[in-house]
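>>> My questions concern the predicted model and sequence given below.
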Amino acid sequence: MEVKFNKLIPELSVSDINKSKEFYLSIGFSIVYERVEDKFCFLELDGNQLMIEEVNDHWNTGELEYPYGRGINISMEVSDINMIYDLVQKNHYPIFRDMQIDEYLVDDKVYSDKQFLIQDLDGYLLRFTS
């Protein structure tokens, strides 16, 4: 199997690889590959790629405490935002910002995004858009 890697792939340190893997799979991600012995998993959803790895002190620039990733949100464009929203609700995951349509002015043109935000189990903020 040949993997096509995006030019930018966030890698998130997670507190429990198995629980995080279950979370991401439950909202529509699939496993591209994993290294079980390293507690590492490469995930993809509609071309959006994420790596998750259980905290191992290899990448820590400071002490980790919940919520991880403060000050960042990971925006992912998806083809069926309603399906993902339904999966989030079905699994009773708390919604950080409910589904809404936001407009952005860029060079005198207005762009619209339908979007909602959730936090993963470690507090990383995930923004799904279409």
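Ah, there it is. Just so we're clear, the structure is a prediction, and the values are computed from it rather than from any experiment. Numbers count the residues shown, from 1 in each chain.
>>> Counting neighbours, what do you get for Phe42?
18 (other Cβ atoms under 10 Å). From N, CA and C alone the C-beta is placed, and that goes for glycine too.
>>> Once you drop chain neighbours, what's closest to it?
In space, Phe42 comes closest to Val32 once its chain neighbours are excluded; the distance is 4.4 Å by Cβ to Cβ, 6 or more residues apart in numbering.
>>> what's the answer for Ile9, then?
Gln49 (4.8 Å).
>>> Report all helices and strands that the strand or helix carrying that neighbour contacts.
For Gln49, the host element (DSSP states H and E) is strand 48-54. Packing partners of strand 48-54 (3 or more Cβ pairs under 8 Å, 6 or more residues apart in numbering; DSSP states H and E): strand 11-14, helix 17-26, strand 40-45, strand 73-77.
>>> Within its sheet, name the partner strands of that strand and how each one runs.
strand 11-14 (parallel), strand 40-45 (antiparallel) (DSSP bridges).
>>> Tell me which of these lies nearest to His58.
strand 11-14 (8.9 Å; Cβ to Cβ).
>>> per-residue confidence averaged over that closest one?
Averaged over strand 11-14, pLDDT sits at 96.
>>> Distance from the chain centre to that strand, please.
What separates the centre of strand 11-14 from the centre of its chain is 10 Å, taken as Cα atoms, centre = their mean, to the nearest Å.
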